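[1] build me a model from this:
(chains A and B)
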Amino acid sequence: MTDLLPLIVAKYNYWLYVILMMIGLYAMIAKNNLIKKLVGMNIFQTAIILFYVSIGYKTDATIPIIQNAHGGGSHGAVIHAADYINPLPHVLMLTAIVVSVATFGVAMALAVRIYQRYQTLEEDELRMRLIDIGPEE
Amino acid sequence: MDNYPALIVIAPLLTAFLAGIAVWIRERLAYPIALTGLAVSIFSAGKVLMQVITSGTIQYRLAGWAPPMGIEYRIDLLNAMVLLLVSSIAFLNLVASYKSVDQEINDRAGSFYTMYLLFVTGLLGVTVTGDLFNLYVLIELTSLTSYAMIALGDRDRAPLASLNYVFIGVIGASFYLLGVGYLYMQTGSLNMADVANILSGIQGSSTVLTAFILMMIGIWIKMAFFPMHVWLPNAYTYSPIGFARVVAPLMTKVMIYVMIRLMITVFGFDYIFKTLNLSDAVVWLGTIAILSGAVMALSQKNLKKMLTYIIVCEIGYMVGGAWLGNQLGMTGAILHILNDALMTFALFLAVGNMAYRLKKLDLTDLQGLFGKMPWTMAGFVLAAFSIIGVPPTCGFFSKWYLILGAFEAGAYHFAGALIISSLLSAVLFFKVFEICFFEPMSKDHGHGESHSQVVIEEAPVSMLFVSGLVSLSLIVAGLYSGTIVNTIILPFLK
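    Numbering: from 1, shown residues only, chains lettered A, B, ... in the order given. So this is what the prediction gives:
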C-alpha cells in the first residue's frame, strides 16, 4: 500500500484517463436511455483525447513556438527540444476530435430517427415495441 | 508519372464530392460519376499490382514528405492483392446496385452513391496506408459511412441496429487509438516500417505489450471476432441489400488484412510467437468462433441473417489461421481473405437477386425458387459449394492450407473445427436447397392475401450478369490458386 500511493501520484494523468474511460464505458453498458449512452460514448472518447494530450507534456517546457525567432539577435542560437512540449500528439487529437464529433453527429441523427419511429428512447421500451412489430428474423 | 498509389484513393474521394454536388443538379448524375471513380480505382490498382509483382514494394510519399514525418503509402504484394480485390468488388457491386437501389431507396439514391464512394475510399485507404494514425482515421471514415448506410435499410429496425453498431464500433476504434498512443509513447513514430525498426530493440517492454493487446482487441471488435460479434448480424441483415452486398465481403476482410499487417509488418513474428506466446489462446478463440458461428447459423430462419453468422464463422478461420504461427497457416489465412471475399460476395449477390423479387427472405419464402429463378439459384449453389469447401471451388484450397497448417502446429482442435464447420454448412445449405428445390410454391405464400398474385421471375440482366460472373470467378480462383500462392503469397511471406 505504501508503494501504491507514490505510483498513483507520479502518474496521475494515466489514472485520471482510465477513470474517465471507465465512467464512459459504464454509462454505455448500464444506462437504459440512448442519449445517456451517447454521452457515455463521448466521455469515453474524450478520455483518450486527454491521454494523448498528457503524453505530449514535458515538465518546464513551453508551447512549441521557437522563442525569439523573429526578433533580432537570437539567430543561430541552439534550440533544445526539451524546452518545448511535443506538438504531434496534440495535432493528432485535432483529427480525433473531428472524428468523435462526426460520430456523435451520426449517432444523434440515428437517435432522432428512432424517436420519430417509436416515440421513445428507453431501451427496454424499444425492445417491447420490436417484439410487438412481430418476428422478422 | 508514378502516382497510381495515390490515384487509387483519390479517385473515389474526389468523385464522392462530385457526386454529392451533382445530386443538387440532377439525381441521376451520381451513378455514372460513381462508376467512373471506381473504374479509375480498379485500373490504378491493376497497374500497381503489376508493378509490385515485377519490381517489388512501392513506397509512395504523399506530397513528397519523407517517411518518419510524412505519411507514406507502402504497397507490397499483400496490399496490392487486397486493393485490386476491394476495388473490383466495389465496382461490380455498383453495377448490380443500379436496379436494386432504384427499387429500395430511390428517393435517396444520390446520397447512397456518394456515401458508397466514401465507404470504398475508406476501405482502400486502410489497405494502402503505411501510417498507424492515418489507418485509424480511415477506419473511422469507413465505419461512419457504414453506420449511415445501414440506417438507410429496414425502416423499423435498421436505425436501432446501426446505433448499436455505433456504440460497439466506437469502443473498437478507441481501443485501437489507445494502442497507437502507447506505441507512440515508446517509439516516437507513427510510420509502420519505422516503428517496426525501433521495436526490434525493445521487445521486453510492457508498454509495447499493452499497445499490442489494445490494438488487437480494437481490430477484433471491428472485424466481429466471436465474442465481439454481436453487432454484426443485425446491422448487416437490416441494411439495404445494395450495401450489404459490399460491406459483408469487404469490411471484415479488410480488418483481417489490418490484423495481418500489424502482426507481420509492425510487431513482427518473433515478437508475437516467441516473446509473447499468446498463439495457443487465440487459436482456441478462433476454434470457438468457428463452431459457434456455424451453430448459430443453423438456428436462423432468415436467409440473410443465416449468412451473416457464416461471416462470423469465416472470421474464425482467418484469425485462427493467422495465429497458428507457421507459413502454411498464414498462407491459408491470406488466401482465404481473397476467397472468402469472393464467395461471400457471390452469396450476397444471389440473395440480392432473390430480395429484388421476393421482398421477404425467411427460409419458408424460398419454396420452389429453383424453378422460378434458375440462374440466380445456380450462382447460389456454386457459392454455397465454395463455402462448404467442395473442390474445385476456391473455398476448398484455402481450407486445405489452413488444415495443413493446423496439423503442422499441432492444433488438432482447430483442424477439427474446420472440418465440423464444413459439415455444418453442408447441412445448412442443403436444407436451403431442399426448400428451394423440392417444396412447391405454396398457394397463398404463407402471409397476406395480395402477395399470391405477384409473379416471381428472374432478376434483371445486370444483376444476373454480375452474379454469374462472380460465381464463375470462384472456380477460376480455385483453378489458379496455385499461381496466386506462388506469385503473391509465398514471395510476400519470404
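[2] what sits closest to residue B:34 if chain neighbours are left out?
    Nearest residue to residue B:34, sequence neighbours excluded (CB to CB, 6 or more residues apart in numbering or on different chains): residue B:113, at 4.4 Å. From N, CA and C alone the C-beta is placed, and that goes for glycine too.
[3] my read is that residue B:491 contacts residue B:80, right?
    No. The pair residue B:491 and residue B:80 does not pass the contact test of CB atoms under 8 Å, sitting 11.5 Å apart.
[4] spit out the residues that contact those two alike.
    Here residue B:491 and residue B:80 have no joint contacts, going by CB atoms under 8 Å, 6 or more residues apart in numbering or on different chains.
[5] looking at these two, which one has more neighbours?
    Between residue B:491 and residue B:80, counting by other CB atoms under 10 Å in any protein chain shown, residue B:80 is the more crowded of the two (27 against 14).
[6] got a pLDDT number for whichever residue of the stretch 251-400 of chain B sits closest to chain A?
    Nearest residue of the stretch 251-400 of chain B to chain A, counting by CB to the nearest CB: residue B:302, 4.8 Å away. Per-residue pLDDT puts residue B:302 at 88.
[7] now do the strands in chain B.
    Along chain B, counting by DSSP state E, strands occupy B:58-61, B:72-75.
[8] so which of those comes closest to chain A?
    The nearest among those, by CB to the nearest CB, is strand B:72-75 at 15.9 Å.
[9] chain B contacts on chain A?
    A:25, A:28, A:34, A:37, A:41, A:44-45, A:48, A:51-52, A:55, A:88-89, A:92, A:95-96, A:99, A:102-103, A:106-107, A:109-111, A:113-114, A:117, A:126, A:130, A:133, A:136-137 (CB under 8 Å from any CB of the partner chain).
[10] just those residues: which are in helices?
    Secondary structure defined by DSSP state H assigns A:25, A:28, A:34, A:37, A:41, A:44-45, A:48, A:51-52, A:55, A:88-89, A:92, A:95-96, A:99, A:102-103, A:106-107, A:109-111, A:113-114, A:117, A:126, A:130, A:133 of the residues of chain A next to chain B to helices.
[11] in ChimeraX, select just the buried ones from the residues you listed.
    Those of those that count as buried under 16 or more other CB atoms under 10 Å in any protein chain shown are selected in ChimeraX with:
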select /A:25,28,34,37,41,44,45,48,51,52,55,88,89,92,96,99,103,106,107,109,110,111,113,114,126
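[12] low-confidence regions, chain A specifically.
    In the predicted model of chain A, residues A:1-2, A:69-77, A:134-137 satisfy pLDDT under 70.
[13] so which residue is dead centre in it?
    Centroid-nearest residue in chain A: residue A:46, 1.4 Å away (criterion: CA atoms, centre = their mean).
[14] mind telling me what element the nearest residue to that one once chain neighbours are set aside is part of?
    In this structure, residue A:46 finds its nearest non-sequential neighbour in residue A:20, 6.9 Å apart by CB to CB, 6+ apart. Using DSSP states H and E, residue A:20 maps to helix A:12-30.
[15] using PDB, write out the CA atom coordinates for that helix.
    Only the C-alpha atoms of helix A:12-30 are listed here, as PDB (Å, rounded to 0.1, in the frame of the first residue of the first chain):
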ATOM      1  CA  TYR A  12      -1.900  10.700 -12.000                       C
ATOM      2  CA  ASN A  13      -2.700  11.600 -15.600                       C
ATOM      3  CA  TYR A  14      -3.000   7.900 -16.500                       C
ATOM      4  CA  TRP A  15      -5.200   7.200 -13.600                       C
ATOM      5  CA  LEU A  16      -7.500  10.100 -14.400                       C
ATOM      6  CA  TYR A  17      -7.900   8.900 -18.000                       C
ATOM      7  CA  VAL A  18      -8.600   5.400 -17.000                       C
ATOM      8  CA  ILE A  19     -11.200   6.500 -14.500                       C
ATOM      9  CA  LEU A  20     -12.900   8.700 -17.100                       C
ATOM     10  CA  MET A  21     -12.800   5.900 -19.600                       C
ATOM     11  CA  MET A  22     -14.400   3.500 -17.200                       C
ATOM     12  CA  ILE A  23     -17.100   6.100 -16.400                       C
ATOM     13  CA  GLY A  24     -17.900   6.400 -20.100                       C
ATOM     14  CA  LEU A  25     -17.900   2.600 -20.500                       C
ATOM     15  CA  TYR A  26     -20.200   2.100 -17.500                       C
ATOM     16  CA  ALA A  27     -22.700   4.600 -19.000                       C
ATOM     17  CA  MET A  28     -22.600   2.900 -22.400                       C
ATOM     18  CA  ILE A  29     -23.300  -0.500 -20.800                       C
ATOM     19  CA  ALA A  30     -25.500   0.200 -17.900                       C
END
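[16] pull out the buried positions in that helix.
    Neighbour-count burial for helix A:12-30 [16+ other CB under 10 Å]: A:17, A:20, A:21, A:24, A:25, A:27, A:28.
[17] tell me the secondary structure for the closest residue to residue A:87 other than its chain neighbours?
    With CB to CB, 6+ apart as the criterion, residue A:87 has its nearest non-adjacent residue at 4.2 Å, and that residue is residue A:64. Counting by DSSP: H, G, I helix; E, B strand; the rest coil, the backbone at residue A:64 sits in coil.
[18] from chain B, how far out is residue A:64?
    15 Å (CB to the nearest CB, to the nearest Å).
[19] count the residues that sit near that residue.
    15.
[20] how about the residue positioned nearest the centre of chain B, what does it touch?
    Note on chain B: the residue nearest the mean C-alpha position is residue B:250, at 2.3 Å, using CA atoms, centre = their mean. By CB under 8 Å, 6+ apart, the contact list for residue B:250 reads B:86, B:89, B:90, B:123, B:341.
[21] how close does it get to residue B:476?
    Distance, residue B:250 to residue B:476, by CB to CB, to the nearest Å: 20 Å.
[22] pLDDT and distance to chain A added to the contacts of residue B:250, as TSV?
    Formatted as TSV, those follow (pLDDT from 0 to 100; distance: CB to the nearest CB, whole Å):
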residue	pLDDT	distance to chain A
B:86	94	22
B:89	93	24
B:90	93	21
B:123	94	17
B:341	93	25
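[23] can you give me phi and psi for residue B:153?
    Taking degrees, to the nearest 10, you get phi -80, psi -140 for the backbone angles of residue B:153.
[24] what's the answer for the one 4 residues further on, then?
    Note on residue B:157: its backbone torsions stand at phi -110, psi -20 [degrees, to the nearest 10].
[25] any idea what sits nearest it, other than its immediate chain neighbours?
    Counting by CB to CB, 6+ apart, the residue nearest residue B:157 is residue B:238, at 4.7 Å.
[26] the one you found and residue B:431, how far apart?
    23 Å.
[27] what of residue A:112?
    41 Å.
[28] try residue A:30
    From residue A:30 to residue B:431 the distance is 40 Å (CB to CB).
[29] again, but for residue B:493
    Counting by CB to CB, the gap from residue B:493 to residue B:431 is 38 Å.
[30] wait, what's in contact with residue 13?
    Using chain A. The contact partners of residue A:13, taken as CB under 8 Å, 6+ apart, are A:50, A:51, A:54, A:57.
[31] nope, chain B
    By CB under 8 Å, 6+ apart, the neighbours of residue B:13 are B:117, B:118, B:121.
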